[in-house]
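Peer 1: Got a predicted structure here, sequence first:
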Amino acid sequence: MTIATDPTLHDRLAALAERQIAAGESVGAVAADPVNVPMIRHWTAAMGDANPVYTDPAAAEASTHGGIVAPPAMIQVWTMPGVNGRARQGATPVDGVLAMLDENGYTGVVATNCEQTYHRYVRPGERLVPATRLTALAGPKKTALGEGYFVTWNVAWYSGEEQVAEMLFRVLKFRPRTRRDRGGGGEPAAGREPYPLRPAVNRDTAFFWEGAARGELRIQRCTACGELRHPPGPVCPSCRSTDRGYAVASGEGEVYSYVVHHNPPVPGRRTPFVVAVVQLPEGVRIVGNVVDCPPSEVGIGMPLRVTYRQMDDDLILPMWAPREP
Amino acid sequence: MRTLNEDQVEIGLVLPELSIELTPTVVISTALATMDFTPVHHDVEGAQAQGSKDIFLNILTTMGLVERYVTDWAGPEALIRGINVKLGVPAYAGDTLTFTGSVVGCENGEFTVEVRGKVSLGDHASGTVRFALPG
């Protein structure tokens, strides 16, 4: 379903953003805990950061800091709301803009930039206060994820009156693409949604999937006797050798047998679809979907050519399309 | 652990690579240590319900690991001044995050290192870290 764009939306968004930018900094809730060594220790242990100036009093004392300091990149941690703590934080000037985008179908969110500047290291005992201001709204822009707005805000952290660090944070609020936008129909849509079915990739089969990612149809070949075999396995059924490599097939084939799958539903796929056993001229058979033609036109002996479908960001499946004989 | 001195850092110097196995324990322990309780960082089903293939690193952790990458190399007393990160593909549990970097700037006692954190899907984070050395 596509949500119709309200023609006044852009103007209303721009006006709201302008008001919020002009309103400037909004002070948030003081940190629940002062900067403290236990939280630093949990953080450094989880990060695998062995820097002794964060946790070892003697080493910290002897260092340029003269005592324990918090890792600079922990700055945001001190004022995180915690479990169920969002209400305590109060509203920020960013909330209204994000809410208006959500209400108008820009429900997707992805962070694009995080820039932190540390004016000085903070020490145990300091209790920080964040202050947030909206700095920019840019859009609508066409992006790989869909049409969206970039929203940028700044957070500054204060210890008493002194600003100790600041951060620029930018997110893309986007309208998730619909199936129709991606030209879906009966075929799996190429998009950013992960395809739910994953091939079993292991040491015997990795070469096949690496080939598919490069647009090569690779068939396992026994290095000892030269026989091709598919699906891949550890031992040659002809000569029992475990030495194996692969050949790159021509990419042509024909339907040896097939079924049209109507039910049950398959995650990530629209029914009906065709599952065929494809005879390759190289001598082996391979199972794959026949695409780019209605299921009713598929028949035994139909000439095919391999094609590659990007199922999601990291999976490419070989499939089969009709070819002229 | 010793901290580098200014004579040991020059433009073009390549940092040693750092690879981090993103076990579920790493993803979850860092999310909690950064006080980030968003379900996509600790609940596999919750992450999948939102269209992600698994739980993934939160941004506060990405910042922390970028910082660690530079101080592991420059030494414990390197003074981190700023971290600018452009966020790319998600770093999912089960993947490996590999950092590479090189010195690209040196001005008025402040050094800039360009850092890339790659996972199997591509660049998870790329950007710069600014630091000074004591002395």
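Peer 2: Nice, I can see it. Values in this document were obtained by computation on a predicted structure and should not be read as measured data. Residues are numbered from 1 along each chain as shown, chains lettered A, B, ... in the order given.

Peer 1: Flag every buried residue along the helix or strand bottoming out on mean pLDDT in chain B.
Peer 2: None of the helices or strands of chain B scores lower by mean pLDDT, DSSP states H and E than helix B:44-49, at a mean of 88. Within helix B:44-49, the residues scored as buried using 16 or more other Cβ atoms under 10 Å in any protein chain shown are B:A47. To be clear about C-beta, it is placed using only N, CA and C from the backbone, and glycine gets the same treatment.

Peer 1: Beyond it, next helix or strand please.
Peer 2: Proceeding N to C from helix B:44-49, the next assigned helix or strand is helix B:59-74, under DSSP states H and E.

Peer 1: B:S52 and chain A, how far apart?
Peer 2: When distance is defined by Cβ to the nearest Cβ, to the nearest Å, B:S52 is 7 Å away from chain A.

Peer 1: wait, what's in contact with the closest residue to that residue other than its chain neighbours?
Peer 2: Among residues not flanking B:S52 along the chain, B:V40 sits closest, at 6.1 Å (Cβ to Cβ, 6 or more residues apart in numbering or on different chains). Applying Cβ atoms under 8 Å, 6 or more residues apart in numbering or on different chains to B:V40 gives the contacts B:46-47, B:50, B:52, B:55-56.

Peer 1: again, 10 Å this time
Peer 2: Counting by Cβ atoms under 10 Å, 6 or more residues apart in numbering or on different chains, B:V40 makes contact with B:27, B:31, B:46-52, B:54-56, B:58, B:90.

Peer 1: Give me the contact status of the least confident helix or strand of chain B with chain A.
Peer 2: Yes - Helix B:44-49 is in contact with chain A by Cβ under 10 Å from any Cβ of the partner chain, via B:Q48.

Peer 1: Checking my notes, the residue nearest to B:S52 in a helix, right?
Peer 2: Yes - applying DSSP: H, G, I helix; E, B strand; the rest coil, one finds B:V40 inside a helix.

Peer 1: Just checking: what are the partner strands of whichever strand in chain A runs longest?
Peer 2: Scanning chain A for the strand with the most residues, using DSSP state E, yields strand A:128-143. Strand A:128-143 has its sheet partners listed here by DSSP bridges as strand A:26-27 (antiparallel), strand A:146-159 (antiparallel).

Peer 1: deepest of the ones you listed, which one?
Peer 2: Comparing these by mean neighbour count (mean count of other Cβ atoms under 10 Å in any protein chain shown), strand A:146-159 ranks first with a mean of 21.

Peer 1: After it, which helix or strand is next?
Peer 2: Next element after strand A:146-159 (DSSP H and E): strand A:162-174.

Peer 1: which stretches of the stretch 151-300 of chain A have low pLDDT?
Peer 2: A:178-192 (pLDDT under 70).

Peer 1: burial of the residue in it that chain B sits nearest to, as a residue count?
Peer 2: Nearest residue of the stretch 151-300 of chain A to chain B: A:P194, at 4.4 Å (Cβ to the nearest Cβ). Look at A:P194: counted by other Cβ atoms under 10 Å in any protein chain shown, it has 19 neighbours.

Peer 1: which SS state does it fall under?
Peer 2: A:P194 ends up coil, using three-state DSSP.

Peer 1: just checking, it touches B:F56?
Peer 2: No - A:P194 is beyond contact range of B:F56, at 11.5 Å (criterion: Cβ atoms under 10 Å).

Peer 1: Overlap in contacts, those two.
Peer 2: Joint contacts of A:P194 and B:F56 (Cβ under 10 Å, 6+ apart) are B:Y92.
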